[in-house]
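Q: Can you look at this prediction? I've put the sequence above it.
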Amino acid sequence: MIIQQVEPLSIQGMYKITSDDNSVFFIRDEYLKEVLLENIFVGAEFTAEESEELLDAGLICAVEFKAVEFLARSEQCRFKLTQKLLDRGFEKTYINICLDYLEKINHLSDRRFATAWLNARKINHFEGRTKLMAELQARGISKDIAKDAVDEFFMVNDEDEICKKAYEKFYKRGKRDEKLIAAMINAGFSYKKVKEIQNSEFGIQS
């Protein structure tokens, strides 16, 4: 491969490369292994092995373009974003390299996703700690990150008030006695918390 043209893009650290066969692809230094970015210039010639590395870097950049497109729409967790990229036909190896880089520069963050998801979830759902933890872990969030996010969530959201609203919702749906308690526990509240609400001035006695 012989380099015909090198153009920096508006995307920081990324370059558009045109080769002697008029192939066009993109690279960034972070996706190169042996080839040095400073050695990529007009007229530079690369061996078959080096050319393959450059093309691999181009494929990783293609993954990055799509990943950033998803991230521009909303916060993503790594697990779900990986699945979306696999569904688009990208190779897992390239996806992992790309997402490692996006995490490194903080464009992708499971912790930030968890916080955003919890804040969106509370709009239409009244759920306790264990339910929220389970939902986050089902989305590929690690137990430690999920716990920290849920703990932080309940530092700014009244757990008793959320529990009360859940209790009222199930009560209005006709749940009583053991069925009411079972529904509350299934919604993620501890038996102790349910009884506290049930026996408080806010509780609805069945």
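A: Received the coordinates, thanks.

Q: List every C-alpha atom in the lowest-mean-pLDDT helix or strand in the chain, with coordinates, as PDB.
A: Of all helical and strand segments in the chain, the minimum by mean pLDDT, DSSP states H and E falls on helix 191-199, at a mean of 87. Output of helix 191-199 as PDB, limited to C-alpha atoms (Å, rounded to 0.1, in the frame of the first residue of the first chain):
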ATOM      1  CA  TYR A 191     -40.300  -7.100  53.900                       C
ATOM      2  CA  LYS A 192     -39.100  -4.800  56.700                       C
ATOM      3  CA  LYS A 193     -39.500  -1.700  54.500                       C
ATOM      4  CA  VAL A 194     -43.000  -2.800  53.400                       C
ATOM      5  CA  LYS A 195     -44.100  -3.400  57.000                       C
ATOM      6  CA  GLU A 196     -42.700   0.000  58.000                       C
ATOM      7  CA  ILE A 197     -44.800   1.700  55.400                       C
ATOM      8  CA  GLN A 198     -47.800  -0.500  56.100                       C
ATOM      9  CA  ASN A 199     -47.700   0.400  59.800                       C
END
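
Q: Please name the residues that touch the residue nearest in space to the middle of the chain.
A: Centroid-nearest residue in the chain: C77, 1.2 Å away (criterion: C-alpha atoms, centre = their mean). Neighbouring residues of C77 by C-beta atoms under 8 Å, 6 or more residues apart in numbering: D110, F113, A114, W117, R139, G140, I141. Heads up, the C-betas are built off the backbone N, CA and C, glycines and all.
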